[in-house]
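> This is a predicted model, with the sequence first.
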Amino acid sequence: MRLQGTMQVNEEGRLTIGGCGVEQLARQFGTPLYIFDEAHIRENCRQFYQSFGVAAGYSRVIYAGKAFLTTAMCRIIASEGLGLDVVSGGELYTALTAGFPAKDIFFHGNNKSYAELCQALEAGIGRFVVDNFAEMELLSRLAAERGQKARVILRITPGIEAHTHKYIRTGQIDSKFGFTLPNGQAMAAAQRVKELPGLEFKGLHCHIGSQIFELEPYSQAAATMLELAAQIKAATGLITTELDLGGGFGIYYTNEDRPCSIREYAETILGRVKEEARALNLPVPQVIVEPGRSIIGPAGCTAYTVGTIKEIPGVRKYVAVDGGMTDNIRPALYGAKYEAIIANKAARPPVETVAVTGKCCESGDMLIWEAKLPRVEAGDILVVTATGAYGYTMSSNYNRLGRPAAVLVYNGSADLIIKREDFNDLLRNDVLPPRLSNPE
Ligand SMILES: *Cc1c(COP(=O)(O)O)cnc(C)c1O
């Protein structure tokens, strides 16, 4: 069990985050409750900002909004000097509503719609990460019609061999994302960008996967992408001034996880880019990274109230909490592992191994299969740590559970940043056709 960020166990043996007692937060805001540690979010942003040399202009750090995005989060990200990745009109709308500078927004996605491209052009966003030829043609036409130049980065599928690195999920050839490198599609894409009006080529992008603990795949991706940059320069004269190597930096969820430090990632990536660019006689491009999970994951946790407990002697003890797969689908979706702590028994040593389950009607509705905890009782406040990334953003209303609230804690104060959904919210989009309105 690792205490993340500003988490502490106080003299009474109770868990605090950002100087706020977790039990008080649970009482004030209810459970389940997402708790975000602002100091920790900012610390993670600064680690990236400093390690990658953003101030000196070597790099840009673009937060991947899909990990967790609300208007409050946009404000924090902007104030730390980071840019923002969006992948939909909804994320873009959130960012613009929060006043996020449009020039610092990157637009990703393998199926951007006509309406989304128009919305992004109207807002004047910084970069379009173009994924495929259809998007490129459409973007060119829409930008040219408006007399605009869309600044374009091409998403490349580098075909980095997956057999040695099984965690690489999005860099392999068989992927829905991007222009394939080995079969010549990537080069053809560069040629087409040059021909089309309304587009300005800025550089290349790849994202090799997520929750990656090793340095080598990033180093390899940097080298592969620079070789492509050299070929593109030779064939078209286009210069890759920006090299976007995506996100995917691994974090600590459980003691099986051994992430590298941000500094190690930065040194490896910046070092290899410089070295390869020199070797290929290319200008050193500005490096872009897109961390999502590593900024927000460890800085968020979820507090639940323990309800029923079912013990099957010799088999397993199930501890049910008042949320589950609706607020954290990751264990059910891909076997993600977490640790937990009981806020009101935070100083007590673990004495039993229990399965923490949710309240949804699915046997797969599990949060933790094997949690080592002090003796658990109904009414305990159980906190699952490192749920900040892909928890709220993947949440659902399955079983008509309302989505939980989220609070931002900082220096002893707690502010609501997402309201809890109530029954009215659940009915908001229901429509009753007139012929069903008057029961006989
Ligand atoms: C998901 C994603 C990221 C962020 O990944 P993390 O694992 O959260 O760091 C960055 N870039 C792209 C293109 C992505 O799809």
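In hand now; what should we look at? Numbers count the residues shown, from 1 in each chain.

> and the longest helix belonging to the chain, what does it pack onto?
Secondary structure assigned by DSSP state H gives helix 216-236 as the longest helix of the chain. Under the contact definition 3 or more C-beta pairs under 8 Å, 6 or more residues apart in numbering; DSSP states H and E, helix 216-236 sits against helix 185-195, strand 199-205, strand 242-244, helix 262-279. Where C-beta positions appear, they are placed from N, C-alpha and C, glycine not excepted.

> could the ones you listed go into JSON lines alongside distance to the ligand?
Below are the helices and strands packed on helix 216-236 laid out as JSON lines (distance: least, C-beta to the nearest ligand atom, whole Å):
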{"stretch": "helix 185-195", "distance to the ligand": "16"}
{"stretch": "strand 199-205", "distance to the ligand": "7"}
{"stretch": "strand 242-244", "distance to the ligand": "8"}
{"stretch": "helix 262-279", "distance to the ligand": "11"}
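
> just those: most buried one?
Most buried of those by mean neighbour count (mean count of other C-beta atoms under 10 Å) is strand 242-244; its value is a mean of 26.

> pLDDT value on the residue nearest to the spatial centre of the chain, please?
Centroid check for the chain by C-alpha atoms, centre = their mean gives residue 67 as the closest residue, at 2.4 Å. With respect to pLDDT, residue 67 has a value of 98.

> could I get the helices and strands packed on helix 216-236 as CSV with mean pLDDT?
Formatted as CSV, those follow (pLDDT from 0 to 100):
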stretch, mean pLDDT
helix 185-195, 98
strand 199-205, 98
strand 242-244, 98
helix 262-279, 98
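
> wait, which of these is closest to residue 233?
Of all the helices and strands packed on helix 216-236, it is helix 185-195 that lies closest to residue 233, at 9.3 Å by C-beta to C-beta.

> Which residues of the stretch 101-250 of the chain lie near the ligand?
Taking C-beta under 6 Å from any ligand atom as the contact definition, the stretch 101-250 of the chain meets the ligand at 108, 207, 210, 246-249.

> Please, where are all the strands along the stretch 301-440 of the chain?
316-321, 340-342, 352-357, 366-373, 381-385, 405-410, 413-418 (DSSP state E, counting those that start in this stretch).

> check contacts around residue 321.
32, 304-307, 356-359, 367, 382 (C-beta atoms under 8 Å, 6 or more residues apart in numbering).

> Distance check, it against the ligand.
Residue 321 sits 25 Å away from the ligand, taking C-beta to the nearest ligand atom, to the nearest Å as the criterion.

> so what's that residue bridging to?
residue 306 (DSSP bridges).

> Mind pulling up the pLDDT for it?
So, for residue 321, pLDDT stands at 98.

> so how far is residue 297 from it?
Separation of residue 321 from residue 297 (C-beta to C-beta, to the nearest Å): 20 Å.

> Check residue 337 too.
Residue 337 is 13 Å from residue 297, by C-beta to C-beta.

> And for residue 218?
Taking C-beta to C-beta, one finds residue 218 at 18 Å from residue 297.

> more neighbours, those two?
Between residue 218 and residue 297, counted using other C-beta atoms under 10 Å, residue 297 has the larger neighbour count: 26 against 23.

> shouldn't the more buried one be in contact with residue 249?
No. If you go by C-beta atoms under 8 Å, residue 297 and residue 249 don't touch, sitting 9.8 Å apart.

> burial count for the residue of the stretch 1-150 of the chain found nearest the ligand?
Nearest residue of the stretch 1-150 of the chain to the ligand: residue 64, at 3.4 Å (C-beta to the nearest ligand atom). Residue 64 has 28 neighbouring residues, counting by other C-beta under 10 Å.

> Wait, it touches residue 292, no?
Yes. With contact defined as C-beta under 8 Å, residue 64 reaches residue 292; the gap is 3.1 Å.

> which residues are common contacts for those two?
What both residue 64 and residue 292 touch, as defined by C-beta under 8 Å, 6+ apart, is the set 85, 247.

> What separation do you get for residue 230 and residue 224?
Look at residue 230 and residue 224: by C-beta to C-beta, they are 11 Å apart.

> I figured residue 48 was touching residue 61, is that so?
Yes. Counting by C-beta under 8 Å, residue 61 is a contact partner of residue 48 at 4.5 Å.

> what's the closest non-adjacent residue to the closest residue to the ligand within the stretch 101-250 of the chain?
The ligand sits closest to residue 247 of the stretch 101-250 of the chain, with a gap of 2.8 Å, by C-beta to the nearest ligand atom. Excluding its sequence neighbours, the residue lying closest to residue 247 (C-beta to C-beta, 6 or more residues apart in numbering) is residue 290, at 4.1 Å.

> quick one: pLDDT of the one you found?
pLDDT at residue 290 comes out at 98.

> so what's the closest residue to residue 416 other than its chain neighbours up against?
Nearest in space to residue 416, with sequence neighbours left out and distances taken as C-beta to C-beta, 6+ apart, is residue 407 at 5.6 Å. Residues near residue 407 by C-beta under 8 Å, 6+ apart: 25, 29, 33-36, 414-417.

> so how far is residue 294 from the residue nearest to the centre of the chain?
9 Å.

> cool, and residue 407?
Relative to residue 294, and taking C-beta to C-beta, residue 407 is found at 22 Å.

> again with residue 146
Taken as C-beta to C-beta, the span from residue 146 to residue 294 is 36 Å.

> before we move on, what about residue 385?
15 Å.

> and if you look at residue 93?
25 Å.

> just residue 64 next, same as before
With C-beta to C-beta as the criterion, residue 64 and residue 294 are 9 Å apart.

> Now the common contact residues for these two.
Common neighbours of residue 64 and residue 294 (C-beta under 8 Å, 6+ apart) are residue 247.

> In this structure residue 264 contacts residue 215, no?
Yes. With contacts counted by C-beta under 8 Å, residue 264 reaches residue 215, the gap being 6.3 Å.

> Common neighbours of residue 337 and residue 297, please.
residue 253.

> where does the stretch 301-440 of the chain have low pLDDT?
439-440 (pLDDT under 70).

> Now the stretch 301-440 of the chain against the ligand: closest residue?
Nearest residue of the stretch 301-440 of the chain to the ligand, counting by C-beta to the nearest ligand atom: residue 389, 5.8 Å away.

> That residue: how many residues sit nearby?
So residue 389, with other C-beta under 10 Å, has 26 neighbours.

> before we move on, what about residue 123?
There are 17 residues near residue 123, going by other C-beta under 10 Å.

> thinking again about what came up before, more crowded one of residue 146 and residue 294?
residue 294 (26 against 13).
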